[in-house]
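S.K.: sequence unavailable; structure follows:
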Ligand code: NAD
């Protein structure tokens, strides 16, 4: 049992002053594995003041000195990789082998990448009689979700530190223990006091950060609902805001695509982390003439993704993060049935033999119409909606018929044709013929999936101001 009743402020662990405590639940056993005590408003203020004071020094430290720290943090996380993977598999439920690669591997590579990424920034440039310089934006309030908890933290903290910003982090109260591990690591590598601060809490603490006049920028990852609120609050002090929000991404399979590969990969990319992935390909858009074949392949793939204990060898699908999330996903499955979609496989009951743990059956709906709830709303569970189309134009129109615009995919025999279609999809990323995730490519949304980009050079630039010196 990991009891965390302190906050990391100004280089020291100090008692948390909030009255609330959150229990951290193992999503497979439903046992309490830890507790975190929330910050009070005064704690948030102390963290912001510490970050403000530290900014004076940290922003003047050389870029190479700053990235020595980000690399050291990456190395120290690397030494604890197996522990991180275990912890996140307990907190979130992702199968351990995937957790090693993604939940532990990604944040390590993000911290390690900063030394190269800073080399790609044009820090100074002459424009006519002006010297244009890039400077850190200031104190960053980072608010993060639970689904890829340490990855989402690293995607903010690593570039913010490399840019010369100081940080007040508020991780998700659902999966916060990995953030304490990061704070321990940061303490051990000797980052100067106040450069990184950790406060625990839920919406109220997040709102205190978003409204605080001492915070220059809020970088938020989470739901569109909470992102909207963060934007509203931040506007009162005209903060810079970066929002990484939800998605309902389309997987457009063209007539001549390699169907078995496209559908099988599509199911995998919908069910990754039990569907709790913002960029999950949850809408499969397929030629009507091949609908029966698609259904058959999708059914087979979904049924092969048997849910099970994330620590057992060979498990591809773990539980969902919480009972709330499980119930929410099951109610979406019921909604799909009620609105008349064709249930190909899965359903609302617990998977056989898995009454304990927050498991949901891998579910596939077909003959889904664009106006159905399961075609429009983010479900955040292992639920695939198959939508048939008659023409390529219609396929593109369906793909773009969403208030979200985070990610997507296109499959076609001819990659050039796939690229043309990909350019017409209004999202921040599109994978072509199974193209894999690139940790240095800009990640972020169009439309209500947010604004701003994370990762690589574009991600770091979010944390920079631009100043002109006239000579
Ligand atoms: P959430 O919005 O409930 O919570 C996210 C974070 O915001 C948490 O730390 C939470 O405590 C905090 N928060 C909640 N209400 C707030 C408020 N009013 N003011 C300030 N902070 C507040 O989201 P979640 O359930 O943790 O995560 C799932 C959501 O995150 C999904 O919608 C998913 O698509 C999205 N997400 C997006 C990305 C991306 O990069 N685009 C990545 C991962 C997850």
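M.R.: Thanks, I have the structure now. None of these values were measured; they are calculated from a predicted model.
S.K.: show me what from the stretch 51-200 of the chain comes close to the ligand.
M.R.: Residues of the stretch 51-200 of the chain lying close to the ligand (CB under 6 Å from any ligand atom) are 143, 144, 145, 146, 147, 152, 170, 172, 173. Just so you know, the C-beta spots here come from the backbone N, C-alpha and C atoms, and that holds for glycine as well.
S.K.: next step: the residues you listed restricted to strands.
M.R.: Counting by DSSP state E, the part of these found in strands is 143, 170.
S.K.: which ones are touching the residue in the chain that the ligand sits nearest to?
M.R.: Of all residues in the chain, the one sitting closest to the ligand is residue 206 (2.2 Å; CB to the nearest ligand atom). Applying CB atoms under 8 Å, 6 or more residues apart in numbering, we find residue 206 in contact with 143, 170, 220, 226, 230.
S.K.: in which helix or strand does residue 395 reside?
M.R.: According to DSSP states H and E, residue 395 maps onto helix 392-400.
S.K.: the next helix or strand after that helix close to the ligand?
M.R.: Tracing the chain C-terminally past helix 392-400 and defining elements by DSSP H and E, one meets strand 404-405 next. No: using CB under 6 Å from any ligand atom, strand 404-405 stays clear of the ligand, with a minimum separation of 8.6 Å.
S.K.: any idea which helix or strand comes after strand 404-405?
M.R.: Sequence order places strand 408-411 as the next helix or strand after strand 404-405, per DSSP H and E.
S.K.: and the contacts of that next one?
M.R.: Contacts of strand 408-411 (CB under 8 Å, 6+ apart): 249-254, 257-258, 261-262, 266, 269, 281, 399, 418-419, 421-422, 425, 427, 429-434.
S.K.: pull out the buried residues from those.
M.R.: For the contacts of strand 408-411, a burial check counting by 16 or more other CB atoms under 10 Å picks out 249-254, 257, 262, 266, 269, 281, 399, 418, 421-422, 425, 427, 429-433.
S.K.: go through these and flag which are in strands.
M.R.: If you go by DSSP E, the buried ones among the contacts of strand 408-411 have 250, 251, 252, 253, 431, 432 in strands.
S.K.: distance across stretch 297-317, terminal residue to terminal residue?
M.R.: Using CA to CA, to the nearest Å, one end of stretch 297-317 lies 18 Å from the other.
S.K.: so what's the gap between that stretch and the chain middle?
M.R.: Per CA atoms, centre = their mean, to the nearest Å, the displacement of stretch 297-317 from the mean C-alpha position of its chain is 22 Å.
S.K.: return the set of buried residues in it.
M.R.: By 16+ other CB under 10 Å, the buried positions in stretch 297-317 come out as 297-299, 301-302, 305, 307-310, 315-317.
S.K.: now stretch 56-71
M.R.: Neighbour-count burial for stretch 56-71 [16+ other CB under 10 Å]: 58, 59, 63, 66, 67, 69, 70, 71.
S.K.: now these in CSV, with pLDDT and secondary structure?
M.R.: As requested, the buried residues of stretch 56-71 are exported to CSV (pLDDT from 0 to 100; DSSP: H, G, I helix; E, B strand; the rest coil):
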residue, pLDDT, secondary structure
58, 98, helix
59, 98, coil
63, 98, helix
66, 98, helix
67, 98, helix
69, 98, helix
70, 98, helix
71, 98, helix
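S.K.: ok, so what distance separates residue 242 from residue 169?
M.R.: Separation of residue 242 from residue 169 (CB to CB, to the nearest Å) stands at 14 Å.
S.K.: same check, this time on residue 301
M.R.: From residue 301 to residue 169 the distance is 38 Å (CB to CB).
S.K.: now do residue 59
M.R.: Counting by CB to CB, the separation of residue 59 from residue 169 is 18 Å.
S.K.: residue 54 now?
M.R.: Taking CB to CB, one finds residue 54 at 14 Å from residue 169.
S.K.: those two: which is more packed in?
M.R.: Applying other CB atoms under 10 Å to residue 54 and residue 169 shows that residue 169 carries more neighbours, namely 26 against 23.
S.K.: spatially nearest residue to that one (excluding sequence neighbours)?
M.R.: Residue nearest to residue 169 in three dimensions, not counting chain neighbours: residue 142, with 4.6 Å by CB to CB, 6 or more residues apart in numbering.
S.K.: the one you found: what's it in contact with?
M.R.: 153, 156, 157, 160, 167, 168, 169, 170, 218, 219, 220.
S.K.: in helices, which of those fall?
M.R.: Per DSSP state H, helices hold the following members of the contacts of residue 142: 153, 156, 157, 160.
S.K.: how about these, which pair is most distant?
M.R.: Largest separation among those by CB to CB: 153 and 160, giving 10.5 Å.
S.K.: neighbour-wise, which of those two wins?
M.R.: Taking other CB under 10 Å, residue 153 and residue 160 do not tie; residue 160 has more neighbours (28 against 25).
S.K.: if I pick the more buried one, what's in contact with it?
M.R.: Residues in contact with residue 160 (CB under 8 Å, 6+ apart) are 140, 142, 166, 167, 219, 463.
S.K.: what count of nearby residues applies to the third one?
M.R.: To tie it back to what came earlier, the one meant is residue 166. Neighbours around residue 166, by other CB under 10 Å: 29.
S.K.: tell me how far the nearest residue in space to it that is not next to it in sequence lies from residue 17.
M.R.: Leaving aside its chain neighbours, residue 166 sits nearest to residue 51 (4.1 Å; criterion: CB to CB, 6+ apart). Separation of residue 51 from residue 17 (CB to CB) stands at 17 Å.
S.K.: higher neighbour count, these two?
M.R.: Legend: neighbour count by other CB under 10 Å for residue 51 and residue 17, higher for residue 51 (27 against 15).
S.K.: residues in contact with whichever strand or helix holds the more buried one?
M.R.: Assessed by DSSP H and E, residue 51 sits inside helix 41-58. Helix 41-58 is contacted from outside by 7, 9-11, 14, 16-18, 39, 66, 136, 138-139, 141, 161, 164-168, 192-195, 197-199, 205, 208-209, 212, 214-215, using CB under 8 Å, 6+ apart.
S.K.: buried set for it?
M.R.: 43, 44, 46, 47, 48, 49, 50, 51, 52, 54, 55, 58.
S.K.: same question for stretch 93-113.
M.R.: 93-100, 102-113.
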